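K.L.:
Build me a model from this:
(2 chains)
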Amino acid sequence: MRSPALSPTQFEWVLGAFGATLAAHLLWLPGWYGLLLGAVILARWVQRRRYARAWPGWIKFPLLIAIVAVVLAEYGNPFERQAGTAALAGFATLKLIESERRRDGLLMLTVCLFLVSMQFLFNQGILISMYMVVPTLLVFLALSEVSAPPGTRGGLYSRLGLVTRELVPLLAVTLPLTLFLFLSVPRMSEPLWGNPSETNESRTGLSDEMSPGSITELLGDDTPVMRVTFDGPLPPQSSLYWRGPVLWRFDGLTWRSARGLQSQRRPLAGPQSGGPDALRYHISLEPTDRNWLFLLDFPTGFPADARRFPDGQVVRNQPVLSLYNFDASSDLQASAPIGPRLADDETEGVFLPRPGNPRAEELARSWVAEVGDDREALVNKALGYFRNEPFTYTLSPPLLDSADRMDEFLFETRQGFCEHYSSAFVVLMRGAGVPARVVTGYQGGDFNRVGGYLVVRNSHAHAWAEVLIRGRGWVRVDPTAAVSPDRVEQGNLGASGSAWSRNAWLRDLRDRFDAMQAWWNRAMVRFDFTRQNDFFSNLGIDPGDWRHAAAWMGGGLGLIGLLTAALFYRSLLRRPQEPGARAYAKFLKRLRKAGVQRGGSEGPLDFGDRAARQLPQWADDIALVSHAYGVTRYGPLDAAALTRLEGAVVAFLERSRG
Amino acid sequence: MAGPLRTPTPVALEPPHANLFERLWAWLDRRLPNLTRRHRNEPLPIKLNRHRIYIVPSGFGLFFAVMMMAILAGALNYNNNGALLFGLLPVSLALISMLQTFRNLDQLSLVQVHADPVFAGEPVHLEWHLRAEDKRARFGISLLHERERRHVDIGEGATAIVSFSLPTTQRGWFKPEPIRVSTVWPFGLFHAWSYLHSDVRVLIYPRPETPPVPLPSAPDQNRRGGGDSGDDELRALRDYVPGDPMRSIAWKASARTGDLLVRQMEVPRARETQFDFDRIAGLGLEAKLSRLTRWVIEAEHADLHFSLKLPGQLIGPASGHAHRQRCLNLLATHALPGA
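P.N.:
Numbering: from 1, shown residues only, chains lettered A, B, ... in the order given. As a prediction, the model looks like this:
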């Protein structure tokens, strides 16, 4: 049997549900791909309003080829989750332009549910999760419309009163059931197959290179990178250096990490628990798609699946694709140790590109002539230079475009922020023959008073320097702090004078929202195998014991069943009443007040006789009511008898009141 | 007026010494009347309840289940709780919708089946009155009757009237086939249905004879031919129709015209007429009843005072609509096979 055609209303419900689903994916889909799909959907909507016909093949096939080409060009590997999802969104759009029959509509709506759940591969934030309820419900309202037989309404939405009467009980039962199932479905400790792999993703975050402008783009981004809870009191802001990639190699323009250099080919430090007096804290790291962990300088304890490189960076074995929680500890006083071979650090730490920045090297050499080989004195010379010359801290410095950029910055523009200062400082140190390197990471954090934790955001990105001092190791020097102490005290935006972070009300609002997000991450996103076990042990339930499991499932489903019964069968909870029972009950109540109680097994006529004898002033009425009730109860069912009974009761109540 | 008629159905009593299988069957028959397919026709109203309503996933429901399982498996494998939560939400909605689908039929009553009596050969218009017994609206109720589908919504406590036109072929009691009530509301994931076997019978009158035959003793209104010829003999003649008594044939006139002609009886106008089954000669039972039916219709139309005589039964003389109905009822039920 051919599936019936979609009515205009049904089609628009399908289109609406699909549009709402796709909207969530626009957050990550390449902008112009989203535009293409949006344009196709819009065109289809306009066309279907005029006449109901699928688009012809000469439009469909070029579109199909375009979608496949775009996905391949954008993502390369078609089996990646992004490519797969983008392709599914595209194919669903193509399905929409040929959806004319009910079965097409039903297929579209099922695909929408697929796309809803696939959205969570990309974003599990609380706001987007709340939004996803909208497309889910739209899909079901559309199902209600599409599956309705011709000539009838889907029902749920046709009248506001019905929406509340039918949908509210439905959701009131559905939501607890969903939650219960969510808690109960056993999580896997290890995936059965594969792991969503992703490589060339452009999430904003620190990279392992630093070129002019690479940090600027982070500074305006308030996205949380991680949330940190400290076991003890919060350390001072000025000591919160979250160590990230360490950059050694400089080509005059870009700083790169030292992977591959001689000094890094050494055994890595395995997992460590940290010393007894180390600062302990717990980090909840948002997905970065990188292997790096950002620990306080200098990291001494980190999780088992991470290692520490000789330059002090802690790297996890696999990328952080979803929220990652771990315990760590650090020693805030310690400097980064020297690499396994001092000679490697010494030679690689002084490399400068040729041709370099002649004026900077000239300046550095003049300091060496002045103070000799005293590295600490040379560091102070450089910091003094930044402090005494008219350097200013700004997030929008003039563009450096000459070949020797560090010279241009040090002697001409003299405006910049951390990446300029750290870079120029290392160049100066190397010019003076002092091994130095750039360390990137985050500095500081916003303390959330609502949640009692520290939020580190992209905007806290920072770059500082380390110099090798014999006997002490790699000592941290932050030249930016020399120019703008506020940067280290108040953060980038505070230092550059943004009003946003100073508005207490806005800050409070932001703290509250972030606390909510953190709670969501803890309670929902990270409810994994371990958490589930903890949850059940806290309740005293052993999920491994089938009796416990059965009791939990039976108890939970039983409660939900009771709730369902209460909502859907409210009328059944009352005893079913025979016709006329309500009127007769009023009659009995009045007599009870007058002191005549009906016995449990007393028939209505016998009771009527007795009551009439005891209350002779109402004898006629009592007899009338008793007789009428007897007729409704034992005689043939007929509406007139019921009316008679009700009339008699009303008359009796009137008369007996007076 | 003869509306739908009901006859009480005797309740089949369980034999006291039935064997296990028979007892099981009797139990099934009592508890799940639709399953046993040994349907007793029941008196109205028939109220749907949990013993009568069957519910299974629809084809789309099965597809939906497979898709949701795929989503849940992926979400669990990748430990993606967002996807899991939004996979479980549709699953819960679907599970609860099963209850809603069932409740869409539950407490729905077939309260009346109405049909005006018709003559055999005319379509009978059956009106099925479905009432939502509790104070809930029903949506997307589908009715299947004799391969015809109708779909209705029923408001809270309201009665929906669904009509089906069915062809009739013979006089007598017409017993409608059971009607199938089904729904997939709200989401099309489950399909609930039930059959209603009512004991409703509709009376079908005999097919009136065509072309019409003049009343046997009607006043002379049917002049034949030109009529103004002034020929008394011709005026009192009409065409022979099968069943006319042999002695009324005007043989001479017939020989003259070549057509078989019959002399009209001289009956005073507006006097009592009797339609006598036995005085129609040479026709079968059904043909006689057809002719009598035609005469009853014509006589009532002409406002005649008439009586109807069937073997062993006599109605009238009387006139008017009620008399006509009585006569037609008698004609419809006369000597029914198996009755």
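K.L.:
wait, what's in contact with the nearest residue to A:G431 once chain neighbours are set aside?
P.N.:
Nearest non-adjacent residue to A:G431, counting by C-beta to C-beta, 6 or more residues apart in numbering or on different chains: A:A364, 3.1 Å away. C-beta coordinates here come from the backbone N, C-alpha and C atoms, glycine included. Residues in contact with A:A364, defined by C-beta atoms under 8 Å, 6 or more residues apart in numbering or on different chains, are A:378, A:382, A:428-432.
K.L.:
A:D514 sits in which helix or strand?
P.N.:
helix A:504-520 (DSSP states H and E).
K.L.:
Quick check: next helix or strand after that helix?
P.N.:
helix A:529-538.
K.L.:
Do me a favour and average the pLDDT over that next one.
P.N.:
Averaging pLDDT along helix A:529-538 gives 83.
K.L.:
With stretch A:299-316 instead?
P.N.:
For stretch A:299-316, the per-residue pLDDT averages 84.
K.L.:
got it, and stretch B:118-138?
P.N.:
pLDDT averaged over stretch B:118-138 gives 86.
K.L.:
what does the stretch 101-250 of chain B put close to chain A?
P.N.:
Selection of the stretch 101-250 of chain B residues close to chain A by C-beta under 8 Å from any C-beta of the partner chain yields B:103, B:134, B:137, B:139-142, B:149, B:151-153, B:184-189.
K.L.:
contacts for stretch A:93-102?
P.N.:
Under the contact criterion C-beta under 8 Å, 6+ apart, stretch A:93-102 has outside partners A:2-6, A:10-11, A:14-15, A:18, A:22, A:37, A:40-41, A:44, A:52-55, A:59-60, A:63-64, A:67, A:104-105, A:107-108, A:111, A:146-147.
K.L.:
pull the longest helix from the chain.
P.N.:
If you meant another chain, say so; for now it's chain A. helix A:546-568 (DSSP state H).
K.L.:
that's the other chain; I wanted chain B
P.N.:
Per DSSP H, chain B has its longest helix at helix B:81-105.
K.L.:
sec struct for the residue nearest to A:G431, please.
P.N.:
helix (DSSP: H, G, I helix; E, B strand; the rest coil).
K.L.:
Mind checking which of the residues of the stretch 101-250 of chain B next to chain A are in strands?
P.N.:
Members of these lying in strands (criterion: DSSP state E): B:139-142, B:149, B:151-153.
K.L.:
Buried ones only from these, please, as a ChimeraX command.
P.N.:
Those of these that count as buried under 16 or more other C-beta atoms under 10 Å in any protein chain shown are selected in ChimeraX with:
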select /B:139,140,141,142,151,152,153
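K.L.:
Check the ones in strands among the residues of the stretch 101-250 of chain B next to chain A and tell me the two furthest apart.
P.N.:
Spatial extent of those (C-beta to C-beta) is set by the pair B:F139 and B:R149 at 15.9 Å.
K.L.:
The longest helix of chain A close to chain B?
P.N.:
Yes: counting by C-beta under 8 Å from any C-beta, chain B has neighbours in helix A:546-568: A:564, A:568.
K.L.:
Quick check: which helices or strands does that helix pack against?
P.N.:
When contacts are defined as 3 or more C-beta pairs under 8 Å, 6 or more residues apart in numbering or on different chains; DSSP states H and E, helix A:546-568 sits against helix A:168-184, helix A:570-573, helix B:81-105.
K.L.:
what's the distance between that helix and the middle of its chain?
P.N.:
30 Å (C-alpha atoms, centre = their mean, to the nearest Å).
K.L.:
Okay, angle between that helix and helix A:168-184 too, please.
P.N.:
Interaxial angle of helix A:546-568 relative to helix A:168-184 (axes from the mean of the first three to the mean of the last three C-alpha atoms, to 10 degrees): 170 degrees.
K.L.:
Give me the average confidence score over helix A:546-568.
P.N.:
Helix A:546-568 comes out at a mean pLDDT of 89.
K.L.:
who touches that helix?
P.N.:
Outside helix A:546-568, the residues touching it (C-beta under 8 Å, 6+ apart) are A:169, A:172-173, A:176-177, A:180, A:184, A:536, A:541-543, A:572-573, B:96, B:99, B:103.
K.L.:
buried sites along that helix?
P.N.:
Residues A:549, A:552, A:556, A:560, A:564, A:568 are the ones in helix A:546-568 that count as buried (16+ other C-beta under 10 Å).
K.L.:
farthest-separated two in those?
P.N.:
So, the buried residues of helix A:546-568 by C-beta to C-beta: farthest apart are A:A549 and A:F568, at 27.6 Å.
K.L.:
Pull the contacting residues for the closest residue to chain B within the stretch 201-350 of chain A.
P.N.:
Nearest residue of the stretch 201-350 of chain A to chain B, counting by C-beta to the nearest C-beta: A:S322, 7.2 Å away. By C-beta under 8 Å, 6+ apart, A:S322 lies in contact with A:124, A:287, A:525, B:79-80.
K.L.:
go again using 10 Å as the cut-off
P.N.:
Contacts for A:S322 were tallied using C-beta atoms under 10 Å, 6 or more residues apart in numbering or on different chains; they are A:120-121, A:124, A:196, A:285-287, A:521, A:525-526, A:528, B:78-82.
K.L.:
Give me the secondary structure label for A:V596.
P.N.:
Look at A:V596: counting by three-state DSSP, its state is coil.
K.L.:
again with the one 3 residues further on
P.N.:
Taken by three-state DSSP, the conformation at A:G599 corresponds to coil.
K.L.:
Wait, it touches A:L588, no?
P.N.:
No: counting by C-beta atoms under 10 Å, A:G599 does not reach A:L588; the two are 11.4 Å apart.
K.L.:
which one of these two has more residues nearby?
P.N.:
More crowded of A:G599 and A:L588, by other C-beta atoms under 10 Å in any protein chain shown: A:L588, with 19 against 9.
K.L.:
what helix or strand does that one sit in?
P.N.:
helix A:581-593.
K.L.:
in that helix, what counts as buried?
P.N.:
A:583-584, A:587-588, A:590-591.
K.L.:
again with stretch A:369-387
P.N.:
A:375, A:378-383, A:385-386.
K.L.:
Near chain B, list only the ones from those residues.
P.N.:
With C-beta under 10 Å from any C-beta of the partner chain as the criterion, those include none near chain B.
K.L.:
got TSV for those, with secondary structure too?
P.N.:
Formatted as TSV, those follow (three-state DSSP):
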residue	secondary structure
A:R375	helix
A:L378	helix
A:V379	helix
A:N380	helix
A:K381	helix
A:A382	helix
A:L383	helix
A:Y385	helix
A:F386	helix
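K.L.:
could you redo the residues you listed as a markdown table and give each row distance to A:E646?
P.N.:
Shown next, in a markdown table, are these (distance: C-beta to C-beta, whole Å):
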| residue | distance to A:E646 |
| --- | --- |
| A:R375 | 106 |
| A:L378 | 106 |
| A:V379 | 101 |
| A:N380 | 103 |
| A:K381 | 106 |
| A:A382 | 102 |
| A:L383 | 99 |
| A:Y385 | 103 |
| A:F386 | 97 |
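K.L.:
quick revisit: filter the contacts of stretch A:93-102 down to the ones close to chain B.
P.N.:
A:107, A:111, A:146-147.
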